[in-house]
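J.: Could you work out the structure for the sequence below:
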Amino acid sequence: MVTVGIIGASGYTGVELLRLVAAHPDFDLRYATGDTQAGTLASSLYPSLAVAYPDLVFSEYDPVSVEGLDLVFLGLPHEASMEIVPQIKNKVGCIVDLSAAYRLKDASVYPKWYGFEHTQPVELERAVYGLPELFRDDLKGARLIATPGCYVTAATLALVPLLRTGLIADTGIIVDAASGVSGAGRSLKHGSLFCTVDEDFTAYGLLDHRHTPEMEQNLGAQVLFTPHLAPMNRGILATCYARPVGKATTASLLATLASFYRNEPFVTVNTNSPSTKATLGSNAVHITARLDERTGTVMVISAIDNLTKGASGGAVQAANVALGLEETAGLTNVGVYP
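T.: So this is what the prediction gives:
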């Protein structure tokens, strides 16, 4: 069994990790921290955990406690993850970080987009980007994995195949994506309150959302990204627009996407318009595409669960690859419906 620790287990990505670890045939949870909830019975905060973890109590973080663990997930704020990785890197087998601390390869962009100086250039250099559909070979045997951002996962998987095959231009790309409220985390914020979110739909992070440079890093293209907050618990729907190159057609776009993902266990490409509910609780990615001949525009739409494929499920998938386990272990490609 793979011994597992979760540092930062009391937030939404943390509880999703706990759910997935409980269902994983090869994972054995040994340690779960939640500094703001230290001493709290996990099932009293999240009743959904009562059967799997009847006695689990969130601990305070102590680097000594992770020593010897095979796998540690970090569900922490960006700067906290940046600081903890050097503390534990020689104590554990593999670290999977769900923050953005090790996603961007250019340390100089962190002050502009994340508001802090990156002080761990060596670790940043060795971190492997945790998107198996694009970086599977790099992930094998990796000891530090940077889990992609939720919006970035949806947009990257929608657009990369068409960029790599030259069917769309690498300038003028627009990504409009809507996320459920869980993407904002569990902390109390005015923008996440029921009365704020209910019966509302709003854009935010106009022109400066921090996922923009990560998208551009993955795509090798310029992106105008606008996120939206939707009145739902979880899910992301990304609608991406680009200019076609050559004689693209709807059929060729769909064929290219289907061919690129033909052996991927979690990605489906078809003519149906993707739905967030179809991916609920799963690691699935639903994609479709169209060419609008009237406006000369390619449209690619993808749907994911922001907490599963967009965060904790993607982290587990990447960890499976890194540790040489079955990539689909502990994960499902079937959403909860209705």
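J.: Would you map the strands across the stretch 1-150 of the chain?
T.: Taking DSSP state E, counting those that start in this stretch, the strands of the stretch 1-150 of the chain run over residues 2-7, 27-33, 71-74, 94-97, 128-129, 144-146.
J.: strands paired with the fourth one, and their directions?
T.: Read it as strand 94-97. Sheet pairing for strand 94-97, assigned by DSSP bridges, gives strand 71-74 (parallel), strand 144-146 (parallel).
J.: ditto for the first one
T.: In the sheet, strand 2-7 lines up against strand 27-33 (parallel), strand 71-74 (parallel) (DSSP bridges).
J.: Could you do the shortest one as well?
T.: Next to strand 128-129 in the sheet, as set by DSSP bridges, lie strand 144-146 (parallel).
J.: Output whichever helix or strand comes after the partner strand as CSV, nothing but the C-alphas.
T.: Toward the C-terminus, strand 144-146 is succeeded by helix 150-164 as the next helix or strand (DSSP states H and E). Below are the C-alpha coordinates for helix 150-164, written out as CSV (Å, rounded to 0.1, in the frame of the first residue of the first chain):
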residue,chain,number,x,y,z
CYS,A,150,-9.0,24.2,-12.8
TYR,A,151,-9.8,26.7,-15.6
VAL,A,152,-6.5,25.9,-17.1
THR,A,153,-7.2,22.1,-17.3
ALA,A,154,-10.5,22.8,-19.2
ALA,A,155,-9.0,25.3,-21.6
THR,A,156,-5.8,23.4,-22.2
LEU,A,157,-7.4,20.1,-23.1
ALA,A,158,-9.8,21.8,-25.4
LEU,A,159,-7.3,23.8,-27.4
VAL,A,160,-3.9,22.0,-27.4
PRO,A,161,-4.7,19.3,-30.0
LEU,A,162,-5.9,22.0,-32.5
LEU,A,163,-2.9,24.2,-31.9
ARG,A,164,-0.4,21.3,-32.3
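J.: Mean neighbour count added to the strands paired with strand 2-7, as CSV?
T.: In short, each C-beta sits where N, CA and C put it, glycine included. Converted to CSV, the strands paired with strand 2-7 look like this (neighbours: other C-beta atoms under 10 Å):
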stretch, mean neighbour count
strand 27-33, 20
strand 71-74, 27
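J.: mind giving me CSV with these and columns for mean pLDDT and distance to I174?
T.: Below are the strands paired with strand 2-7 laid out as CSV (pLDDT from 0 to 100; distance: least, C-beta to C-beta, whole Å):
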stretch, mean pLDDT, distance to I174
strand 27-33, 98, 39
strand 71-74, 98, 32
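J.: export those strands to a markdown table and tack on distance to Y114?
T.: Shown next, in a markdown table, are these (distance: least, C-beta to C-beta, whole Å):
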| stretch | distance to Y114 |
| --- | --- |
| strand 27-33 | 23 |
| strand 71-74 | 16 |
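J.: wait, which of those is closest to T295?
T.: strand 71-74 (43.5 Å; C-beta to C-beta).
J.: Where does pLDDT dip in this protein?
T.: Within the chain, not a single segment meets pLDDT under 70.
J.: make it 80
T.: Per-residue confidence for the chain (pLDDT under 80) gives these ranges: 187-188.
J.: Let me see the ranges of the helices in it.
T.: Taking DSSP state H as the test, the helices found in the chain are 12-23, 42-45, 78-88, 110-114, 121-126, 132-139, 150-164, 194-197, 212-219, 250-260, 313-323.
J.: sorry, back to before: next, format the strands of the stretch 1-150 of the chain as TSV and append distance to V109.
T.: Output for these, formatted as TSV (distance: least, C-beta to C-beta, whole Å):
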stretch	distance to V109
strand 2-7	25
strand 27-33	29
strand 71-74	21
strand 94-97	17
strand 128-129	15
strand 144-146	14
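J.: nearest to L56, of these?
T.: L56 lies closest, by C-beta to C-beta, to one member of those: strand 27-33, at 6.2 Å.
J.: tell me the angle the closest one makes with helix 12-23.
T.: 150 degrees (axes from the mean of the first three to the mean of the last three C-alpha atoms, to 10 degrees).
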